[in-house]
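Chemist: Sequence and predicted structure, then a few things I'm wondering about:
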Amino acid sequence: MIDLYCLAGPVFRFLGPETAHGLAIKALKMGIAPTCPVVPDDILKTRAFGMEFPNPLGLAAGFDKDAEVADALLAQGFGFVEVGSITPEPQSGNPRPRLFRLSEDGAIINRMGFNSRGQRSAAMRLETRLKDAARSPGIVGVNLGVNKNSPDPAMDYVRGVRTLGPFAGYLVINVSSPNTPGLRALQSRDRLEEILSLAIDARDELVGRRPPLLLKISPDLGEEDKKDIADISLALGIDGLIATNTTIDRDSAQLRAAAKDERGGLSGKPLLAPSTRVLADMYKLTQGRLPLIGVGGVASGEDAYAKIRAGASLVQLYTALIYHGPGLVRRICRDLAARLRADGFKRLGEAVGADHR
Ligand SMILES: Cc1cc2nc3c(=O)[nH]c(=O)nc-3n(C[C@H](O)[C@H](O)[C@H](O)COP(=O)(O)O)c2cc1C
């Protein structure tokens, strides 16, 4: 088979990163993006939050911010796709340029600032896809953000739960993006307790299906914050954690690319070790009682396997897709299955948290 990404990849790299991203979304919408379906493999099937995932590799939030191409992305072989972050009202985000490739470092810096077309239009698109009963839809999680000038961020999340919850495989309360002023302060004990309690109540009031509710955390948390988050998550009974978002830490990254001093969140290779450390910390602090999604710097089967052994039931990626193209999903799944078998595991669930035993 001709790998179309090999032909189109250099063109994409020549374009500005945001232009390339817009083109990728268009190609996915038109159904002309190269596909590399994953060969199903029973060892990769996994259950989390009461749902069955065909494989544990998902697309992280930020690629399909407006829930425009979730099904086309699932067709690329992802076991699940997370759309968003979606804000209640439409907003344009920060001025451009706001997305920077750090090719030498296998990294990205972004300060998008929650550009979003808002909850109402996303809800319509997500509802339409669920109405198409001709196919069994894959799992699409919905990541909720807040408007920049919101007077009441907690209510922004509640609105998100009410408007998008009915169409979400799972919901994510994102309090960890570094590009909305004040957002990450919502990870403090008092604010988090308030936000999560309100969001859980709103979720429980939904009629019909009540989607699992997850919290996405930052890699830059202190020891006390991590402990507080673990305690609150268990006490309030949220369904899982996503570790982690992008980092604002540049000291440990030793970056080489010209764009290394741009403001914003750093993702990709330099985030792999720190985000996996936070994941492992959260697994230990929650005694393995909470399903975790591990994200940050995954670019290979080895990286995905490291996240699973550190405590992840599911894994996500974003930045590596920009550098390696859609064939990466299939490669990671194939390699992960081989690693599980080589270590004598019969199914993926047995390997979750294996490093801590
Ligand atoms: C351009 C870009 C935009 C992002 N937007 C969001 C977002 O809106 N909400 C969110 O929770 N995470 C967002 N993220 C963070 C990713 O979901 C992920 O947590 C992070 O990039 C680490 O994974 P990676 O190293 O595989 O990219 C974004 C990341 C990038 C690169």
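Modeler: Arrived safely.
Chemist: and the one residue in the stretch 1-150 of the chain that gets nearest to the ligand, how far is that from residue 350?
Modeler: In the stretch 1-150 of the chain, the residue that lies nearest the ligand is residue 62 (2.3 Å; C-beta to the nearest ligand atom). Every C-beta, even on glycine, is put in place using the N, C-alpha and C of the backbone. According to C-beta to C-beta, to the nearest Å, residue 62 and residue 350 sit 31 Å apart.
Chemist: go on, residue 132?
Modeler: For residue 132, the distance to residue 350 equals 35 Å [C-beta to C-beta].
Chemist: next one: residue 181
Modeler: 43 Å.
Chemist: Comparing these two, which residue is more hemmed in?
Modeler: residue 350 (14 against 10; other C-beta atoms under 10 Å).
Chemist: Close to the ligand: what parts of the stretch 251-357 of the chain are there?
Modeler: Residues of the stretch 251-357 of the chain lying near the ligand by C-beta under 6 Å from any ligand atom: 267, 268, 271, 295, 296, 297, 298, 317, 318, 319, 320.
Chemist: Span of stretch 91-103 from start to end?
Modeler: Across stretch 91-103, the terminal residues are separated by 29 Å (C-alpha to C-alpha, to the nearest Å).
Chemist: let me redo that: stretch 348-357
Modeler: Distance between the boundary residues of stretch 348-357 (C-alpha to C-alpha) amounts to 16 Å.
Chemist: Now do it: everything it contacts.
Modeler: Residues outside stretch 348-357 that contact it (C-beta atoms under 8 Å, 6 or more residues apart in numbering) are 43-47, 56, 280, 283-284, 288, 305, 308-313, 340, 343, 345.
Chemist: PyMOL command for the buried members of these?
Modeler: Command for PyMOL that selects the buried part of the contacts of stretch 348-357, burial taken from 16 or more other C-beta atoms under 10 Å:
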select buried, resi 43+44+45+46+56+280+283+288+305+308+309+310+311+312+313+340+345
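Chemist: In helices only, show me the contacts of stretch 348-357.
Modeler: Among these, DSSP state H puts 280, 283, 284, 305, 308, 309, 310, 340 in helices.
Chemist: Of these, which pair is most distant in space?
Modeler: Farthest-apart pair in the ones in helices among the contacts of stretch 348-357 is 284 and 340; separation 22.2 Å (C-beta to C-beta).
Chemist: dump the residue contacts of residue 104.
Modeler: Residues counted as contacts of residue 104 (C-beta under 8 Å, 6+ apart) are 256, 257.
Chemist: so how many other residues sit close to residue 29?
Modeler: Residue 29: 12 surrounding residues under other C-beta under 10 Å.
Chemist: quick one: it and residue 71 touch, right?
Modeler: No: look at residue 29 against residue 71 with C-beta atoms under 8 Å: they stay out of range, at 10.3 Å.
Chemist: How are the helices of the stretch 251-357 of the chain distributed by residue range?
Modeler: Under the criterion DSSP state H, counting those that start in this stretch, the stretch 251-357 of the chain contains helices at 272-285, 301-310, 319-324, 327-342.
Chemist: Can you redo the ones you listed as JSON lines, where the extra columns are distance to residue 190 and mean pLDDT?
Modeler: As requested, those are exported to JSON lines (distance: least, C-beta to C-beta, whole Å; pLDDT from 0 to 100):
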{"stretch": "helix 272-285", "distance to residue 190": "19", "mean pLDDT": "98"}
{"stretch": "helix 301-310", "distance to residue 190": "29", "mean pLDDT": "98"}
{"stretch": "helix 319-324", "distance to residue 190": "33", "mean pLDDT": "94"}
{"stretch": "helix 327-342", "distance to residue 190": "39", "mean pLDDT": "96"}
